[in-house]
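# Sequence first, then the predicted structure:
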Amino acid sequence: MGIEILIVDDEVEFADAFAERLRLRGFTAHTASTGEQALQIIDQGSAKVMVLDLKMPGMDGLEVLRRVKKTHPEVEVIILSGHGSEMDEAYVRNLGAFAYLRKPADIGDILEAVKRAEKLLASRTV
Amino acid sequence: MKEKHYYTSLTRNMTLIVILVSFTPLILIAGLIGYYFETSYREKVMEHLHELVEKHQQLINSFLDEKLSYVKVLADSYTYDELTDETFLQNKLIILQNAYSGVFVDLGVVDSAGVQISYAGNLKLENADYSKAEWFREAITRDYYLTDVFLGLRRTPHFVITVKKRRGDTEWLLRATIDFAAFNSVVEQIHIGKTGSAFIVNSAGELQTRLGTDLMPNIASLLGRTSWARVGGAESAEPAGSRIEEVKTSSSGSNAVSGIVKSRNRNIIYFLMPLKSGEWTLVYQQDQDDAFSEVNRARVIALAIFTFGCLAIVLVALFISKKVVRHIQKADLEKEMMNEQVIEAGKLASIGELAAGIAHEINNPVAIMVEEAGWMGDLLEEEELKESQHVDEFRRSLKQISLQGVRCKEITHKLLSFARKTDPVHQQIQVNDTIEQILSICKERSKFNNIRIQTELDQELPLISASPTELQQVFMNLINNAIDAIGSGGGLLEIRSGVEGDKVVVDIADTGHGISKSVMARIFDPFFTTKPVGKGTGLGLSICYGIIQKLGGTLTVDSSVGLGTTFHVHIPIHDETS
């Protein structure tokens, strides 16, 4: 029984394909294509790990990250950026991001980050 | 490169301006001073000469007056009877001759009929008849008279002083002959310079004294200008070709006439002064060149200095403007090179921006592609599809899609790092350490290619401030390029580090195939590569260039085809970006 993961990306095709692959690997995956939608799902309280794209129309990834860390500091956020050059890894880590990956990322790398987050969450609840 | 014509005209203009600016005041000052100096000097000379001549005029006048007064005294002191006594007269002559040696030649008493009644002297002139002589006719009408110089009965030049006396109804004359030579010597005392001399003429322009130099050609016409000489019909005798240029016609006090006569090839200064109350004229003449020899010499010296000065100015102007223009030319060339560099840098920057933009946009679709391929791969694992006969082909194909996706990712990430705007964290780095690290990675590859690596690292190298990963990227690229350039044939890779001024310098030299000129112009352009398709992205050197430039340093290259290539990395020791 895997934890619930929220994938936030304005590229719906990417989010869907990625969610399918996670589901195949036993995770429960949700998708959101906007920041607002993502915050709603987080507010429902089931998703504990978030894979977040930084560049989105409307509310961007940074804003989502800030708000999530404010309202739900226990949620671990993995940043998946297509625009690595614009945002320094150190900067998002300071904002509380758990990991920083660049698109297109290998599924293995993402899974590894998710598992590490899962482990961290588990150790915290004990 | 600006045209040669531009620089030659620049040189010419500068030279002309310098010459004009220097010459104008020089010529003005020289002309002005020269003019005033010459004018005042000429005036001084003329004044001086005037004074001198005037003095002599007085001297000659007094000489004549003196002689006249002696004769007068003689005539007044003694009676006719006494003077007609030849022994008495002889005595008086001896007394006079003793007092004024050689002046008085003889004495005589002439009656109103013109017969010399009594005579004292060396010549036998007793009873000589002067009634026909011109001087006698003139003398008999006057109380006293000085004749012009004439030859007379004795056939030697002389002149006579006569004093008229009355005895009863008849008149008689006491006459004394003045030796011409003695009188002449008084006049000849005036001798100035080489050509300055004086002489006396009568009102007809006839010489009364010997002439020291050539006579001015038109004395008669000059005399016509005086107020005292009564020249009869001589005005018309002015010879053609000699003009008279008047400088001054009279000076205060004495009614002298002075001026300059232009005659043939010489200019003659003249002074005319009345003698014997205007019957004679004292003429002083001197060549202008002689009189103004000082001013002429000064003029020659000044002219020489002026000429040399002008020559020096011209030479210096030429030299300086040539030198300045050479500097300008050099500066222009440097500016042009700088411009080219700036353009090159700007081009790189804009290409970088473009590339980064493309990379951004490509990342997302590539991510989707990779993800979809992964999804398909996942699905292939499901039981029902495993039976499909092409399952292996599908798998291989999907793997290829993923692989090429990764390759795309590499390219876009490189592009992004090339165009990266935010500065990665800078640290104090020992460049030598970075080089050693990279070399340890490349060791295997170089050994495989028979490449000897020789390092010459300055152990005293100061630390520089840079991002370690970026610096690694730079040296990794450069060293990899060097190894690629040498190829499998083997060769030498030399790495030197050192300090040059305020910069750390690293030279990476290979003995590879070198870079041709056409390639050289583009090696720093993004996407430019000479490597086979798929082997290089063409971004390595442009990334290096961007990184080094961001550090405030330079990346330059020397290469000769067939011999090898050397890259020079200059990185400032002091962090210029912070």
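Done, it's in. Residues are numbered from 1 along each chain as shown, chains lettered A, B, ... in the order given.

# From now on I want contacts and neighbour counts done on CA atoms only, so please keep to that.
Will do.

# How many residues are close by the residue in the stretch 351-500 of chain B that chain A sits nearest to?
At 4.1 Å from chain A, residue B:367 is the closest residue in the stretch 351-500 of chain B, using C-alpha to the nearest C-alpha. Counted with other C-alpha atoms under 10 Å in any protein chain shown, residues neighbouring residue B:367 total 26.

# measure it to residue B:91 for me?
Distance of residue B:367 to residue B:91, given as C-alpha to C-alpha, to the nearest Å: 159 Å.

# same thing with residue B:71?
Distance from residue B:71 to residue B:91, by C-alpha to C-alpha: 14 Å.

# Of these two, give the one with the bigger neighbour count.
residue B:71 (21 against 12).

# tell me the contacts of that one?
Residue B:71 makes contact with B:161-163, B:174-176, according to C-alpha atoms under 8 Å, 6 or more residues apart in numbering or on different chains.

# Give me the pLDDT value at it.
Note on residue B:71: pLDDT of 85.

# And for residue A:77?
Residue A:77 is given a pLDDT of 91.

# Narrow the contacts of residue B:71 to just the buried residues.
B:161-163, B:174-176 (16 or more other C-alpha atoms under 10 Å in any protein chain shown).

# Give me the nearest residue to residue B:522, chain neighbours excluded.
Nearest in space to residue B:522, with sequence neighbours left out and distances taken as C-alpha to C-alpha, 6 or more residues apart in numbering or on different chains, is residue B:528 at 6.8 Å.

# re the thing from before, ok, and the closest non-adjacent residue to the residue of the stretch 351-500 of chain B closest to chain A?
residue A:104 (4.1 Å).

# Quick check: that neighbour vs residue B:409, distance?
6 Å.

# same thing with residue B:271?
Residue B:271 is 116 Å from residue B:409, by C-alpha to C-alpha.

# Equivalent analysis for residue B:521, please.
From residue B:521 to residue B:409 the distance is 28 Å (C-alpha to C-alpha).

# These two - which one has more neighbours?
residue B:409 (22 against 11).

# Now find how far off-centre the strand or helix carrying the more buried one is within its chain.
Counting by DSSP states H and E, the element that carries residue B:409 is helix B:391-418. Computed by C-alpha atoms, centre = their mean, to the nearest Å, the chain-centroid distance of helix B:391-418 equals 78 Å.

# which strands and helices sit next to the least confident helix or strand in chain A by mean pLDDT?
Lowest on mean pLDDT, DSSP states H and E among the helices and strands of chain A sits helix A:89-94, with a mean of 80. In terms of contacts (3 or more C-alpha pairs under 8 Å, 6 or more residues apart in numbering or on different chains; DSSP states H and E), helix A:89-94 is packed against strand A:99-102.

# Tell me the helices and strands packed up against the strand it packs on.
strand A:76-81, helix A:89-94.

# List of residues touching the last one?
Which is helix A:89-94. So helix A:89-94 is contacted by A:62, A:99-100 (C-alpha under 8 Å, 6+ apart).

# What is the nearest of those residues to residue B:555?
Minimum distance to residue B:555 across these is 32.5 Å, recorded for residue A:100 (C-alpha to C-alpha).

# Domain map for chain B?
B:295-415, B:423-572 (automatic domain parsing).

# Just the mean pLDDT for the shortest one, thanks.
Regarding domain B:295-415, the rounded mean pLDDT is 83.
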